[in-house]
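# give the three-dimensional model of this entry:
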Amino acid sequence: MKKTIVTFTIITYIIFLYVTIIKAASASTKIMPLGDSITQGFIKNIPEDYRVGYRQKLYLDLKDAGYDVDFVGSLSHGILAHPGFDYNHEGHGGWSDNEVAGQIYTWLVANPADIILLHIGTNDFNTSPDDVALILDEIDTYSKDIIVVLALIINHKTYNPLITQFNNNIRAMAEARIAHCDKIVIVDMENALNYQSDMDDNLHPNSNGYIKMADVWFPAVEQILTDSYQPPPCTPPVPGPALQAYYAFNNGSGTVAIDSSTYKRNGAVNGAVWTAGRSGNGLSFDGVDDYVLIPRMNNDEMSISAWFYKNANDTANADAIFGGSRWVGVKEGFDVRFHRYSPNTLEFILFTRDRNGVITGKTAKYKFNNSVGNWYHVAGTYKKTTGEQKFYIDGKLVNTQIHPTGNTVMPLAYYSDMRIGYSRSNNGYFNGIIDEVRLYNRALSTIEVENLYKGVAPGLSLTITTVGSGSVSTDPNPPYTSGQIVTLTAKADQGWIFNHWSGDVSGSNNPTTLTMTSNKAVTATFVTGTSSDLKALYTLNEGTGIIANDSSGNGKHGTVNGATWTTGKAGGGLSFDGIDDSVSVPRMNYDEISISAWFYKNTNDTTYADALFGGYKWNSDAQFQQGFDLRFYKSDPDTLQFIVITKDVGGIRSIKTTQKNLMNSVSSWFHAVGTYNKTTGEQKLYVNGQLAHTRTHPAGNTIVPLTSYSDMRIGYSRVNNGYFQGIIDDIRIYDRALTDTEVQELYTSY
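Predicted coordinates for the structure are as follows:
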């Protein structure tokens, strides 16, 4: 077996993607002809089954020379032309280079290639090489071993100087990539044809012209196949700064949005007017037709951040802070935009793909009480190694979505640019001010996002001090203007309760308000104690012993039976073996309930209903059932269930199950919350902070107390003898139903 690495320096418009080719008698070299109708072999008045273009002559010449080659692709033109011709290809008539860029990865997944013959740019062309560069990027993403033979495209029968300029730009772009070790061979098609005798129409060659194209391809391919091609000396690219673009909008005039990063990807201002921004100047968008056009930026990972001030809600269009996605057809890129049916809901929409080109789309959301009339900071990030798509508002993580691990951002190929203040989805123009837009090629950390938010804080200041253990949130967030009303909310840490305010606010009302007339200072005092509705909190941070302490202050300590101390979601946790481990805790019987827990499941169990928390008595007669369970369903072990038994004043019982199929509940941390509200009868199940399922009991029903057993169990349900296998952490029991916001806060606090 002989391994040949080929490099070739013929000047041609065709970029020849080259790959390390292993030659063996049993393996053909796979060649993909790639492009538009010229690759297809269009000649008017010739049926598709006889269209061969340059492909037939090139294939037969290679076979006659003794080379074992296989033309690959999803299309087949010329199937009746010659019995020995391999007619497969990817020559898509009428397609532009950006359309090809959007599909080449998928085509390679279906039909892997060692060599690609690329002739593209005739349709809807301009002089920019960016779309062709994106095709090369997509090929490299699939495999850096593919050798691309890149053609400088043929001109028109009526000479077009723009095509010559396009070819010059393509050559410069390709040579720069070759210098950084990209496997490209350039061939010159433009100078190969006689345009008076070799053209069928203004765009397409005739049979003689296609023969000449085949004769240009042949030596480039042959040198690769015969080991005579040697790559030129090259220097691997050095990664540049992660900050890909920074639009501070501080120039204050003109139609150029200056990029202050090292890449100088300046934008073009279309209609937006300069105004005072969050820091210095900003751009005001009218919500009708204003936007800033910026270059396309495609990276495997990403972060975007911006400040915005919204003037009005729009219920007709999905108004965008940033538009970088394609929604119709193949899903690509990402958007940060408001939902047209819920105009106070901001969405971070992201499409990723796996190695096989399978696309995953996720939307991280945050609903403002009022998104109009205040400055807000937004940031979205994606990290491929974890698949985590995170969404931040004012420096705080508000939502996380999970893509398959290893997925990379699906590049935007269909459109040649991205837009600030506009999304092509639903034609959404932003009405308000945007400032300080940043894009990165990696996922920023939570601390980095928080620092971006804190980096700009002009205006009146509000200094907040805490005594004891707790925190204070503000709405809106700083900076503040004179006369602005700020709502202060104190939140006590575990084992503490809020006591009173002092300074520029007094009393014990929580929340409370403060009017900003000057710089202000407020102190929130917390004292040790327990919240009246948190009845038990098992942080499982002890790390040793057989006692699981109740940190709520209510003394409902648990006894560890077999479970072992380990690392949890935060701090310590308990590992359960799935055989006989559990934690015994006192019965907690309340009219209403909320139970929350973090869990990491090691394996599925199709025999028993393994439980995170067992407080349920089953009976074949429903009128004798009691309590509640949070457990997995044995016949569908990826389905999490929250079971609650309630009764009305006459003792008539209602049994409801809320459930969520996690698709894969193993080897990942999940946060589960189950709630029951007696006033509404609503029983809810939440997973990772999001409401997953709601069932309704008769309003006024209360939970049937568990009396048949003397205790409840963490990690075990007496129903079906279900022992949990994995790690459980931070179990909380409340005697009321938490709100959606409180559940989200529990989830995002980790």
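
# hey, C-alpha coordinates of stretch 141-150 in CSV?
The C-alpha coordinates for stretch 141-150 follow below in CSV (Å, rounded to 0.1, in the frame of the first residue of the first chain):
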residue,chain,number,x,y,z
THR,A,141,-14.8,21.0,8.0
TYR,A,142,-15.7,17.7,6.5
SER,A,143,-12.1,16.6,6.0
LYS,A,144,-8.9,18.6,5.7
ASP,A,145,-7.4,15.7,3.7
ILE,A,146,-9.5,16.3,0.6
ILE,A,147,-7.6,17.8,-2.3
VAL,A,148,-9.5,20.5,-4.1
VAL,A,149,-8.7,21.4,-7.7
LEU,A,150,-10.1,25.0,-8.0
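
# gap between the spatially closest residue to residue 374 that is not a sequence neighbour and residue 488?
Spatially, and ignoring its direct neighbours in sequence, residue 374 is nearest to residue 476 (4.5 Å; Cβ to Cβ, 6 or more residues apart in numbering). Just so you know, the C-beta spots here come from the backbone N, C-alpha and C atoms, and that holds for glycine as well. Going from residue 476 to residue 488 by Cβ to Cβ, to the nearest Å gives 11 Å.

# cool, and residue 539?
Per Cβ to Cβ, residue 539 is found 27 Å from residue 488.

# repeat that for residue 565.
Computed as Cβ to Cβ, the residue 565 to residue 488 distance reads 39 Å.

# between these two, which one's more packed in?
Set side by side, residue 565 and residue 488 show more neighbours around residue 488, with 20 against 17, by other Cβ atoms under 10 Å.

# just the buried residues of the helix or strand hosting residue 379, please?
Residue 379 is part of strand 375-383, with elements assigned from DSSP states H and E. For strand 375-383, the neighbour count (16 or more other Cβ atoms under 10 Å) marks 375-383 as buried.

# again, but for stretch 90-101
Residues of stretch 90-101 classed as buried: 90-93, 95-101 (neighbour count, 16+ other Cβ under 10 Å).

# out of those residues, which are inside helices?
In helices, judged by DSSP state H, the following of the buried residues of stretch 90-101 are found: 97-101.

# got the end-to-end distance for stretch 291-300?
26 Å (Cα to Cα, to the nearest Å).

# average pLDDT for it, rounded please.
Stretch 291-300 carries an average pLDDT of 95.

# which residues touch that stretch?
For stretch 291-300, the external contacting residues (Cβ atoms under 8 Å, 6 or more residues apart in numbering) are 130, 134, 137, 141, 244-245, 247, 257, 259, 265-272, 283, 285, 323-324, 333, 384, 408-409, 411-413, 415-422, 429, 439, 441-442.

# about what we covered before: what number of residues are in the vicinity of the residue nearest to residue 374?
The tally of other residues near residue 476 (other Cβ under 10 Å) stands at 18.

# quick check: pLDDT value at it.
Model confidence at residue 476 (pLDDT) stands at 76.

# these two touch, right, it and residue 485?
No. The pair residue 476 / residue 485 is not scored as a contact, 9.1 Å apart, by Cβ atoms under 8 Å.

# poorly predicted segments of the stretch 301-450 of the chain, please.
Within the stretch 301-450 of the chain, no stretch has pLDDT under 70.

# which parts of it are helices?
Here the stretch 301-450 of the chain has its helices, by DSSP state H, counting those that start in this stretch, at 446-454.

# again with the chain
37-40, 55-64, 97-101, 104-110, 130-142, 161-179, 207-225, 446-454, 740-748.

# pull the helix or strand with minimum mean pLDDT from the chain.
Least confident helix or strand, the chain: strand 2-4 with a mean of 32, by mean pLDDT, DSSP states H and E.

# and the gap between the residue of the chain most remote from its centre and residue 158?
The centre of the chain is farthest from one residue, residue 197, which by Cα atoms, centre = their mean lies 52.4 Å away. Distance of residue 197 to residue 158, computed by Cβ to Cβ: 14 Å.

# returning to what we had before: which of the buried residues of strand 375-383 lies closest to residue 117?
When the buried residues of strand 375-383 are ranked by distance to residue 117 (Cβ to Cβ), residue 382 comes first, at 34.0 Å.

# hang on, that closest one packs against residue 348?
No. Assessed by Cβ under 8 Å, residue 382 is found out of contact with residue 348, at 9.2 Å.

# need the overlap of contacts for the two.
Common neighbours of residue 382 and residue 348, counting by Cβ under 8 Å, 6+ apart, are 334, 389.

# residue 248: what's its closest spatial neighbour, skipping adjacent residues?
residue 260 (5.6 Å).

# hang on, isn't the one you found packed against residue 246?
Yes. Taking Cβ under 8 Å as the definition, residue 260 is a contact partner of residue 246 at 4.5 Å.

# if we can go back for a sec, give the buried subset of the contacts of stretch 291-300 as a PyMOL selection command.
Only the buried entries of the contacts of stretch 291-300 go into this PyMOL selection, using 16+ other Cβ under 10 Å:
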select buried, resi 130+134+137+141+244+245+247+257+259+265+267+269+270+271+272+283+285+323+324+333+384+408+409+411+412+413+415+416+417+418+419+420+421+422+429+439+441+442
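
# just the ones of the contacts of stretch 291-300 in strands?
244-245, 247, 257, 267-270, 283, 285, 323-324, 333, 408-409, 417-420, 422, 429, 439 (DSSP state E).

# now the strand holding residue 379: how far from the chain's centre is it?
Centroid separation for strand 375-383 versus its chain: 12 Å, with Cα atoms, centre = their mean, to the nearest Å.

# contact partners of that strand?
278, 301-310, 321, 334, 336, 346, 348, 350, 352, 364, 368, 388-395, 403, 409, 442-444, 449, 452-453, 476-477, 479.

# how does it look with 7 Å?
278, 301-309, 321, 336, 346, 348, 350, 364, 389-395, 409, 443-444, 449, 452-453 (Cβ atoms under 7 Å, 6 or more residues apart in numbering).

# quick one: contacts for the residue lying closest to residue 583 once chain neighbours are set aside?
Sequence neighbours aside, residue 714 is the residue nearest to residue 583 in space, at 3.9 Å (criterion: Cβ to Cβ, 6+ apart). By Cβ under 7 Å, 6+ apart, the contact list for residue 714 reads 538, 558, 582-583, 585, 613, 728, 731.

# from the residues you listed, which land in strands?
538, 558, 582-583, 585, 613, 728, 731.

# just the buried members of those residues?
538, 558, 582-583, 585, 613, 728, 731.

# now these as TSV including pLDDT and distance to residue 290?
Putting these into TSV (pLDDT from 0 to 100; distance: Cβ to Cβ, whole Å) gives the following:
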residue	pLDDT	distance to residue 290
538	92	54
558	94	60
582	95	61
583	96	59
585	95	59
613	95	53
728	96	52
731	95	51
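
# many thanks, we can stop here.
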